[in-house]
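**Q** following is a predicted model, sequence given first.
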Amino acid sequence: MKKKILTSVLSLVAVMTMASCSPSNTSTSASDSGSTSTQTTGESIVLLNFKPEISNKWQNIIDGVKKDLGITLEVKTAASESYEETFRNDLSTSGAAAIFQINGLVGYNKWKDYIDDLDDTNMYKKISSSGLAFSADGHVKALPVTEEGIGIIYNKALTDKYFALTGRADTGANSMDDIKSYATLKKVVEDMQAHKADLGIDGVFCPSGMGSDDSWRITGHAFNMPLVQEFGTLSSTPSEIAFSGATQYRNLIDLYVKNSTVAPTSMAPISQTTSFAEFQTSKAIMVQNGQWATSGLIVDKEQRKSGFTYAEGKDLHFLPMYCGLTNSDFPESSQGLSVGTEAYWCVNKSLSASKREAAKKVLDWLFTGNGEKYVVSDLGFNAPYQDFATKKELAQSDPLMLDLSKWMAKDGVKSLPWDFNYVPSVNNQRADLVTDLTAYYNTNCSDATWNTLVDNAKSTWKRLAASAEA
């Protein structure tokens, strides 16, 4: 099965005005990648991390970069929803990032004068497919951070408990493997909810909060489904949407919200920490998320408290986000997980030659050198570079990563594209969805508030797309 990674359109709203710094050392030497480059030993650079959930995972990398390359690496982590602001604010300071991330086409078009070429990096030479790189004007400009999958995560220990119940409804499924459509999923979930006392749970799904730490799951990743329904695979941003996939979007949201551990009217303020705690302590069976979520769903044994039954890593598995897709390119009968990337590594062209070379050395070391082991053990990335597919010592052990790989390799199963990457201004579109979904929750999922959501989503998209083209 062909795997796809789409370039995204989430714009990196940053004003990169910092003047070039003077090189710290202009002598040349053979770099670790075998090329001749500016001497970078003793150089200090900053990497701006996009993912707050891995902010505590960089120390081994920092130590390794210093030991192997003689480069001092500082990793700064932007708070949730503040990456662009953090990047912009740091540009005129000594802390300007040498390594940063963009989310694709619009970001590149906006800041292409500040993005260095990456053609000569080992990282590019060892990419699993040249088509995964972001190229423009005949040069490689950005390289993927990771290949990620999104779906419904479930606790198999609890689903097995459900399927062993006597007196459960005839849903047409005797195991999770039998669920291959929205109709079957809905029957199973609603019957699980009806048997929540027998299962010892408070609800099937973790709450889908609308706070800044959690709303992206529903207003970003789940919003992919109506876009796939309407467009199939996007390669550019449409000027408007008919929102013909609104029914599929509502199917998914209603499944989550009406079969949760809390009532819809209490859901919007709930944080991700509170939501995921329901999964950790086996009070919920399912949650929509990606393969990066393992650490947030599993509690270390030494941190566990008595009185709770905790979810175990071995029981984490994926199910596609079945919602009734009828698009002929992605029929529900062959639906897999949503697979793609929304982040690409870039090197800051506005910095000195020495800092740029140091940045490229760090990326090469991390994805093609001695740092590869940390990509797997610490960062948990599904890195699309050759060594990660061929070296046994780099084999993944994370349960969700392993399950993602299984889904991507299944015969007759087709991964869905990441169409949400083509939302013209994702933060603004999401902000309106947050407002309208909060109203939808608070009215117990009324038709009137849903109709308002649909109308607003269409008008917001059209306005944002027109603004982007201006």
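**A** Great, that's in hand.
**Q** torsion angles phi and psi at residue 287?
**A** According to degrees, to the nearest 10, the main-chain angles of residue 287 amount to phi -160, psi 140.
**Q** for it, list each beta-bridge partner.
**A** With DSSP bridges as the criterion, residue 287 is bridged to residue 153.
**Q** contact partners for residue 403?
**A** Residue 403 makes contact with 291, 316-318, according to Cβ atoms under 8 Å, 6 or more residues apart in numbering. Glycine gets a C-beta too; all of them are placed from N, C-alpha and C.
**Q** residue 228 and residue 418 touch, don't they?
**A** No - contact between residue 228 and residue 418 fails when scored by Cβ atoms under 8 Å: they sit 9.3 Å apart.
**Q** ok, residue 211 - contacts?
**A** 268-272 are the contacts of residue 211 under Cβ under 8 Å, 6+ apart.
**Q** if we use 7 Å, what do you get?
**A** Residues in contact with residue 211 (Cβ atoms under 7 Å, 6 or more residues apart in numbering) are 269, 271.
**Q** with residue 290 instead?
**A** If a contact means Cβ under 7 Å, 6+ apart, then residue 290 has 148-150 as its contacts.
**Q** at 8 Å instead, please
**A** Residue 290 touches 148-151, 221, 400, counting by Cβ under 8 Å, 6+ apart.
**Q** likewise residue 144?
**A** Shown here is residue 144, whose contacts under the criterion Cβ under 8 Å, 6+ apart are 5, 127, 132-134, 341, 343-345, 384.
**Q** right, and the pair among those residues with maximum separation?
**A** When the contacts of residue 144 are compared pair by pair using Cβ to Cβ, the two farthest from each other are 127 and 343, 14.9 Å apart.
**Q** where along the stretch 201-350 of the chain do the helices fall?
**A** 216, 224-231, 246-258, 272-280, 294-297 (DSSP state H, counting those that start in this stretch).
**Q** meant to ask about the stretch 1-150 of the chain
**A** Here the stretch 1-150 of the chain has its helices, by DSSP H, counting those that start in this stretch, at 59-69, 83-90, 105-111, 122-125.
**Q** CSV for those, including mean neighbour count and mean pLDDT?
**A** Below are the helices of the stretch 1-150 of the chain laid out as CSV (neighbours: other Cβ atoms under 10 Å; pLDDT from 0 to 100):
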stretch, mean neighbour count, mean pLDDT
helix 59-69, 16, 97
helix 83-90, 18, 74
helix 105-111, 20, 71
helix 122-125, 20, 97
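**Q** so which of those comes closest to residue 160?
**A** Using Cβ to Cβ as the criterion, the shortest distance between residue 160 and these is 36.3 Å, found for helix 59-69.
**Q** what does the closest one contact?
**A** For helix 59-69, the surrounding residues in contact (Cβ under 8 Å, 6+ apart) are 32, 40-41, 71-75, 358, 361-362, 365-366, 369-371, 374, 378-379.
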